[in-house]
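Trainee: let me see the structure of the following:
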Amino acid sequence: MKKLVLASALLVLSSTSYANTYTWYANTYTVYAYTYTCYRYVDGHPTGTWISVKADSKSEAESKAYARMKELGGRVDYAKCR
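Mentor: Numbers count the residues shown, from 1 in each chain. Okay, the predicted model is just below:
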């Protein structure tokens, strides 16, 4: 009887550790081609400091940077990345 309980407990523990490993792997499998440095522009002049954005293209990086800058607060007319 002790062997049966022990085997059941080991089976449950091994299956949950496998599920956690799979979930961790599935959630972290996003690969971007480039990291961009983006600046906030107000009235045509760069304002504040830069932020780093990971994206596949420059236009995608600028839209992500603009959204993040709006979320952080403060005024922003547009974001320019390089």
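
Trainee: show me where this structure has its helices.
Mentor: 2-27, 58-72 (DSSP state H).

Trainee: go through the ones you listed and find the least confident stretch.
Mentor: Across the helices of the chain, helix 2-27 has the smallest mean pLDDT, namely a mean of 52.

Trainee: Asp56 touches Thr35, doesn't it?
Mentor: No: here Asp56 lies out of contact with Thr35, judged by Cβ atoms under 8 Å, at a distance of 11.1 Å. In this view, the C-beta of every residue, glycine as well, is placed from N, C-alpha and C.

Trainee: contacting residues for Lys64?
Mentor: Residues near Lys64 by Cβ atoms under 8 Å, 6 or more residues apart in numbering: Val53, Ala55.

Trainee: going forward, count from 51.
Mentor: New numbering, starting at 51: the last item is Lys114.
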